[in-house]
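Novice: when you get a sec, could you give me coordinates for this:
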Amino acid sequence: MAAAAATGLLLGSSSSFGKLGFSSRPLLKIKGLSELGFATSQLRGIRILYKHHEMVSKPISAPLRPALQPIARRICPFTGKKANKANKVSFSNHKTKKLQFVNLQYKRVWWEAGKRYLKLRLSTKAIKTIEKNGLDAVAKKAGIDLRKK
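Specialist: Residues are numbered from 1 along each chain as shown. From the prediction side, this is the model:
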């Protein structure tokens, strides 16, 4: 340790990796830094990569990810149908989990009160219900305001 202090390479408190020249804390003081970003150790001639941003201690956490774009959910807004969890059973009766998704379709529906078409993503059950009862009645029952879309 005295040899390292004499050369200007001072490591933090030694951990289980202390014998190998590693430290659990960031480097405190580095002298003899070359222009390429390497510091030469006098211990065994080991070259240590030096980066300035490693000097600042940061809390260990998950890396920041960019905000994701909104993804269309696999759920029908009119009926509330969503994926069902089920087992896929093989010939040997081995069961593995799978999802049974709703049969969602993009459908252009005429809205009589608004005198225009609406492009909606509906389940096939909702399409049949709209054809039977009308778009306004089904939207009112589901609590959907069609004027926003």
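Novice: separation between Leu120 and Thr79?
Specialist: Leu120 sits 12 Å away from Thr79, going by Cβ to Cβ, to the nearest Å. Glycine gets a C-beta too; all of them are placed from N, C-alpha and C.
Novice: out of those two, which sits in the more crowded spot?
Specialist: Comparing Leu120 with Thr79 by neighbour count (other Cβ atoms under 10 Å), the higher total belongs to Leu120, at 23 against 18.
Novice: buried residues in the longest helix that the chain contains?
Specialist: Across the chain, the longest stretch assigned as helix under DSSP state H is helix 124-133. Neighbour-count burial for helix 124-133, counted by 16 or more other Cβ atoms under 10 Å, picks out Ala126, Ile127, Thr129, Ile130.
Novice: could you identify the most distant pair in the residues you listed?
Specialist: Longest distance between any two of these is 7.3 Å, between Ile127 and Thr129; criterion Cβ to Cβ.
Novice: find the nearest non-adjacent residue to Lys125, please.
Specialist: Nearest non-adjacent residue to Lys125, counting by Cβ to Cβ, 6 or more residues apart in numbering: Thr79, 5.6 Å away.
Novice: would you agree the one you found is in contact with Thr129?
Specialist: Yes: contact criterion Cβ atoms under 8 Å: Thr79 and Thr129 qualify, at 7.2 Å.
Novice: would you turn the buried residues of helix 124-133 into CSV with distance to Arg108?
Specialist: Putting the buried residues of helix 124-133 into CSV (distance: Cβ to Cβ, whole Å) gives the following:
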residue, distance to Arg108
Ala126, 14
Ile127, 11
Thr129, 17
Ile130, 12
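Novice: if we can go back for a sec, just the CA trace of the longest helix of the chain, in PDB.
Specialist: Once non-C-alpha atoms are left out, helix 124-133 reads as follows in PDB (Å, rounded to 0.1, in the frame of the first residue of the first chain):
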ATOM      1  CA  THR A 124     -66.100  -9.400 -33.000                       C
ATOM      2  CA  LYS A 125     -68.700  -9.700 -30.200                       C
ATOM      3  CA  ALA A 126     -68.900  -5.900 -29.900                       C
ATOM      4  CA  ILE A 127     -69.300  -5.600 -33.700                       C
ATOM      5  CA  LYS A 128     -72.300  -8.000 -33.500                       C
ATOM      6  CA  THR A 129     -73.800  -6.100 -30.600                       C
ATOM      7  CA  ILE A 130     -73.400  -2.700 -32.400                       C
ATOM      8  CA  GLU A 131     -75.100  -4.100 -35.400                       C
ATOM      9  CA  LYS A 132     -78.000  -5.300 -33.200                       C
ATOM     10  CA  ASN A 133     -78.500  -2.400 -30.800                       C
END
